[in-house]
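Participant: here's my sequence, what's the structure:
(2 chains, ligands or ions: 1)
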Amino acid sequence: MSTVLLPPRHYLNDGYGVRSWLLTRDHKRIALLYLAGVTFFFFIGGAMAVLIRLELATPPGDLVTDETYNKLFTMHGVMMVFFFLIPVIPSVLGNFLVPIMIGAKDLAFPKINLLSWYIYVVGGLFTLYALISGGLDTGWTFYTPFSTVASTTNVIPAALGIFITGFSSILTGLNFIVTIHRMRAPGMTWFRMPLFLWSTYATSLINVLGTPVIAITILLVAAERVFHFGFFNPAVGGDPVLFQHLFWFYSHPAVYIMVLPAMGVVSELVAAGCRKPVFGYSFVAFASLAIAVLGFLVWGHHMFVAGESVYSALIFSILSFLVAIPSAVKVFNWTATMYQGAVSWETPMLYAYGFIGLFTIGGLTGLFLAAIGVDVHVTDTYFIIAHFHYIMVGGTIMGYLGGLHYWWPKMSGRLYNEGLAKLSAGIIFIGFNLTFFPQFVVGYLGMPRRYHAYPPEFQVLNVLSSAGASILGVGYLIPMVYLMWSLRYGRLAGSNPWGAVGLEWTTSSPPPTENFTETPRVTWDAYEYPASVETDVA
Amino acid sequence: MLPEAAHHHPAGLAHQFDNLEQQKEAATLGMWAFLTTEILFFGGLFMVYTVYRSSYPDAFAAASHELVVWAGTVNTAVLITSSLTMALAVHAAQLGQRRLLIVFLLLTMALGCVFLGIKAFEYYTEFVERHIPGLNYDFEPKYFRNAQLFFSLYFLMTGLHALHMIIGLGIMAFMLWWSVRGVITAEYYIPIEISGLYWHFVDIVWIFLFPLLYLIGRHAH
Ligand SMILES: [Cu+2]
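Facilitator: Coordinates of the predicted model:
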C-alpha cells in the first residue's frame, strides 16, 4: 500500500475551539456531538443494569430495597430507550452518513440539526436530574393509574424530560426526510441509494408520525398529575387502558426506530464484507417501508392481558405475525448475499454475523409472543425481557457497533486495532448470550420481571445471567479504549480502507467540511462491486 | 457546480443548497412534514375525545351546552378572516409588494390577538361558572363526574391550540421584522409562505375544535 496522508483540510481541523464545536452546523461534527451524548447515557443506563444484575445474583432482595430496585430498572429503561437506543444510529451514523451517501454538502436544515442536539442534551439532563434527585418508579412505560394517581416519585419532571427529547427525534426525522427527498446529487436516484438510507428514511417516517403521539400521551399524564384532569382516572370515568393504547401506538413502532437503522447498517456491512450487491435490493428496500407501516398496526399485542376484547386481540395477533415477513425477507436476503461471496472476517462483519443470528432469535421469539396463548403465559416474565433485549441489544447495539467500526476510519481518518476489535466483538457476543439466553429459560419457568427477589430455584440461571452481564460490560469498555487510542495513534486509513463502494468512500478520510470537493455525479447502482471478485471465489 | 451558479449567489440562499428553487422545495416539504407531526399530536387528543364522547354522550352534551357559543362562533369567523389576510400577505410577498405585505401581516396578527382576547374572556367565564376541574369545579350532580372529562379536554385542546396561536404570533412578528428590514423579496418569499402554512394549519385545527366542543349535541340537551 502506498503511503497515505491525512488531507490538509478536513472537517476535524476546520476550527478547533469549543465554539467551533458547540455552534457547528456541520452534520459530521453534530454526529460526533451525538456520539458523546449517546455514549454518556449508555454508560449511565449500563451502570443501572450492573446494579440490577448484582441484586439478582442472589435470591433475597439483599443489595437494595424494593423501592430502590423499582427506581433502578425504571432509570435503566428510560435512559436506554429514550436516550440511547432511539437516537443512537440515526443521530450518530445517520447524521454523519445521510448527506455524504447522497452526495450532498449537508442536511437540508443544519441549524435545526444542531438545535435537535441541544434539545436532546437538555431533555436528557433534565430526565437524569429527575431520576437522580428523587427517582421514578413507574417503569419506563409510565402505566396509569399508578403513574397518575399512586406514584409519589418524580413523574412530572421525567415526563417533561422525555417530552422535550421527543422534539429532537421529530426534528432529526424531518431533516432526514427532506434531505433524502430534495438533496440527492445528480444521478442519485431512489433505487441507487444505499439501503442504509432506505431504512433511515423508514425510521424517520416513524419518528415523524409516532413521536407526537407519545408526546401528547405524556403530556396527558403530566396534565393529570398537575391539574387532576382524570383522563385515565376511573373515578371520573377515565380509562387507564386508553393510556396503554396511546403509549404503545408509539412505543411499538419505537422498536423499529431502534432496529430498522441497524438493519440498514447490516445491509451495508454485508455488501462490503462479501464484495457483492445485496441480494434482492428492492425487496430489502421495500421491506424497510413495510416494517414501518406494519409497525403502526400491531400495538395491541402489548395488551393481550389488559382487558382487550378477544376480537381485537385476534387481529393484533395476526398483524403481529405479518411483521415477520419483511423481517425474514431481510434476513434471507443477507444470507443469500453471503452465499458464494468473498465473506470477510473483519470486525464490522463479525458484528453483522452477530446481528443476523441474534436478531433471528429475537424475532422468532417475537412470534411466540404474537401467539395469544403463549403470550398470556409469559407476559411480564423474563421471557419478554430476553426477547426484547435480543432485538434491542443483540440487534440495535450489534448493528451500531458494526457500523461504528466500519465507518470509524471515515469519521476519524484512522484505523483501530483490529485484533482488539475482534476480541471485543467476540466477548460481546459471548457475554450477550450468556446474559440473556438464561432469561428465556427462567422466564418460561415463571420468573416475573420487575422484582428484586426470587425463589432460590431460579438462582443458577440468574447467576449465569449476571456473570454474562459482567463479561458484556467488559466487552463494551474495550472499544472505548482502542477507539480513543486510535484517534491519536491509529494508522492513517486513507479514503477507502475496506475497498468498498459507495459515495462515502470516494471522499477523503476524514471528509472535507462540505463533504466533496465537487458535487458527485452518480452513474452507477449501489454496491456495484467488480464481478471478477465474485467469480474468483466461486 | 455549474460556473454561472457559482457566481450568482442570491440573497437568502443557504450554502447547502444549489439554488433557491431547491431551498424553497426543501423548506416547504419540511413544513409539511412538521405539520404532519402536528396532526398526529392533536390526533391523539381527538382520539381521547372521541372515546369519551361516545362513552358519555349525555354528560358531554350537557357540558358542551355550558360553553359560550357566541364567543366560539365569533372566534371562528375571526380566524377564518385571519387566514384570508395571511393568504393575501403571501400573495403580496410573491409580488414583492412590501407595504401591502406589512399591512396584511399586521392585520393577521391583530386578528390573532382578537382571537386570544376572546378566548381569555371565555376562560374567565368558565372560571366564574366553576367549570375548571381540579381548580374550581362544580356541575349538576347527574353529570358531575363525567362532565369533568369534557372540561378537561376542552381546556387542554383549546389551551394547546392557543399555545400554537401564540407561537404563530411570534413567527408573524419575526416575519414582520424581516419584511420591514427588506429581507423578504419577490425572489425570497419562502419564509412568508411556510409561515402561512403554519398559520392556516392552526386555523384548521380550530375549525375541527369548534363543532366538536361547542356544537355537537347542543340541542339534544
Ligand atoms: Cu410491540
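Participant: apart from its neighbours in sequence, what residue is nearest residue A:395?
Facilitator: Of all residues not flanking residue A:395 in the chain, residue A:359 sits nearest, at 4.4 Å (Cβ to Cβ, 6 or more residues apart in numbering or on different chains). For glycine as for every other residue, the C-beta is placed from the backbone atoms N, C-alpha and C.
Participant: quickly find the element holding residue A:153.
Facilitator: Assessed by DSSP states H and E, residue A:153 sits outside every helix and strand.
Participant: residue contacts, it?
Facilitator: A:71, A:134-138 (Cβ atoms under 8 Å, 6 or more residues apart in numbering or on different chains).
Participant: so which of these are also by chain B?
Facilitator: Applying Cβ under 8 Å from any Cβ of the partner chain to the contacts of residue A:153, one finds that nothing falls near chain B.
Participant: so which of these is the most crowded?
Facilitator: residue A:136 (26 neighbours; other Cβ atoms under 10 Å in any protein chain shown).
Participant: surely that residue touches residue A:77?
Facilitator: No: assessed by Cβ atoms under 8 Å, residue A:136 is found out of contact with residue A:77, at 9.8 Å.
Participant: next, the buried residues of the helix or strand containing residue B:84.
Facilitator: For residue B:84, the host element (DSSP H and E) is helix B:69-95. Residues of helix B:69-95 classed as buried: B:72, B:75-76, B:78-79, B:81-83, B:85-86, B:88-93 (neighbour count, 16 or more other Cβ atoms under 10 Å in any protein chain shown).
Participant: contacts only, for residue 196.
Facilitator: Let's take chain A. Going by Cβ under 8 Å, 6+ apart, residue A:196 touches A:93, A:97, A:101, A:261, A:264-265, A:267-268.
Participant: please go with chain B instead
Facilitator: B:86-87, B:89-90.
Participant: cool, and residue A:273?
Facilitator: A:341, A:343-344, A:346, A:348-349, A:352.
Participant: repeat that for 10 Å
Facilitator: Counting by Cβ atoms under 10 Å, 6 or more residues apart in numbering or on different chains, residue A:273 touches A:266, A:337-338, A:341-346, A:348-353, A:402, A:406, A:498, A:500.
Participant: follow-up on the earlier one: in TSV: the contacts of residue A:153, plus secondary structure, distance to residue A:318 and pLDDT.
Facilitator: As requested, the contacts of residue A:153 are arranged in TSV below (DSSP: H, G, I helix; E, B strand; the rest coil; distance: Cβ to Cβ, whole Å; pLDDT from 0 to 100):
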residue	secondary structure	distance to residue A:318	pLDDT
A:71	helix	38	94
A:134	coil	43	86
A:135	coil	40	90
A:136	coil	35	92
A:137	coil	36	92
A:138	coil	31	92
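Participant: thought residue A:359 was touching residue A:387?
Facilitator: No: at 11.5 Å, residue A:359 and residue A:387 do not qualify as touching, with contact defined as Cβ atoms under 10 Å.
Participant: contacting residues around the helix or strand containing residue A:373?
Facilitator: Residue A:373 is part of helix A:372-378, with elements assigned from DSSP H and E. Helix A:372-378 is contacted by residues A:301-302, A:304-305, A:308, A:310, A:313-314, A:316-317, A:320, A:365, A:367-369, A:371, A:383-384, A:386-387, A:440, A:443-444, A:446 when judged by Cβ under 10 Å, 6+ apart.
Participant: buried residues, it. List them.
Facilitator: A:372, A:374-375, A:378.
Participant: please name the residues that touch the nearest residue to residue A:9 once chain neighbours are set aside.
Facilitator: Closest residue to residue A:9 apart from its sequence neighbours, by Cβ to Cβ, 6+ apart: residue A:512 at 5.8 Å. Residue A:512 sits next to A:7-11, A:14, A:28, A:105 when contact means Cβ under 10 Å, 6+ apart.
Participant: and residue B:210, by the same measure?
Facilitator: Applying Cβ under 10 Å, 6+ apart, we find residue B:210 in contact with B:69, B:72-73, B:75-76, B:79, B:158.
Participant: does residue A:312 touch residue A:303 like I think?
Facilitator: Yes: contact criterion Cβ under 10 Å: residue A:312 and residue A:303 qualify, at 8.6 Å.
Participant: between those two, which has more neighbouring residues?
Facilitator: For residue A:312 and residue A:303, the more surrounded residue by other Cβ under 10 Å is residue A:303, and the numbers stand at 18 against 12.
Participant: need the longest helix for the chain.
Facilitator: Here I'm looking at chain A. Looking across chain A with DSSP state H, the single longest helix is helix A:240-274.
Participant: wrong chain, I was asking about chain B
Facilitator: helix B:144-181.
Participant: got any ranges where the stretch 201-350 of chain A has weak pLDDT?
Facilitator: Within the stretch 201-350 of chain A, not a single segment meets pLDDT under 70.
Participant: quick one, whichever strand or helix holds residue A:366 and helix A:240-274 angle?
Facilitator: Using DSSP H and E, residue A:366 falls within helix A:347-370. Angle, helix A:347-370 to helix A:240-274, by axes from the mean of the first three to the mean of the last three Cα atoms, to 10 degrees: 150 degrees.
Participant: helix A:347-370: how far from the chain's middle?
Facilitator: The chain centroid and the centroid of helix A:347-370 are separated by 14 Å under Cα atoms, centre = their mean, to the nearest Å.
Participant: again with stretch A:72-82
Facilitator: Worked out by Cα atoms, centre = their mean, stretch A:72-82 lies 14 Å from the chain centre.
Participant: close to chain B, is that stretch?
Facilitator: No: counting by Cβ under 10 Å from any Cβ of the partner chain, chain B has no neighbours in stretch A:72-82; the shortest distance is 17.1 Å.
Participant: circling back: show me the two of the buried residues of helix A:372-378 that sit farthest apart.
Facilitator: Farthest-apart pair in the buried residues of helix A:372-378 is A:372 and A:378; separation 11.4 Å (Cβ to Cβ).
Participant: related to what we said a few turns ago, ok, of the contacts of residue A:273, which come out buried?
Facilitator: Using 16+ other Cβ under 10 Å as the burial test, the contacts of residue A:273 include A:266, A:337-338, A:341, A:343-344, A:346, A:348-353, A:402, A:406, A:498, A:500 as buried.
Participant: low pLDDT regions in the chain?
Facilitator: In the absence of a named chain, this looks at chain A. Applying pLDDT under 70 to chain A flags residues A:1-3, A:531-538.
Participant: chain B was what I was after
Facilitator: Filtered on pLDDT under 70, chain B yields the residue ranges B:1-9, B:219-221.
Participant: residues contacting residue A:108?
Facilitator: Counted by Cβ under 10 Å, 6+ apart, residue A:108 has contacts A:98-99, A:174-183, B:14, B:16-17, B:22-23, B:25-27, B:29-30.
Participant: about what we covered before: now, the contacts of residue A:512 that are in helices?
Facilitator: Judged by DSSP H, helices contain the following of these: residue A:28.
Participant: of the contacts of residue A:512, which is the nearest to chain B?
Facilitator: Comparing the contacts of residue A:512 against chain B with Cβ to the nearest Cβ places residue A:105 closest, at 4.6 Å.
Participant: surely that closest one touches residue A:520?
Facilitator: No: look at residue A:105 against residue A:520 with Cβ under 10 Å: they stay out of range, at 11.1 Å.
Participant: overlap in contacts, the two.
Facilitator: Listed as contacting both residue A:105 and residue A:520 by Cβ under 10 Å, 6+ apart are residue A:185.
Participant: roughly how far is stretch B:12-31 from the heart of the chain?
Facilitator: With Cα atoms, centre = their mean, you get 25 Å for stretch B:12-31.
Participant: would you map the strands across the stretch 301-450 of chain A?
Facilitator: In the stretch 301-450 of chain A, no segments count as strands under DSSP state E, counting those that start in this stretch.
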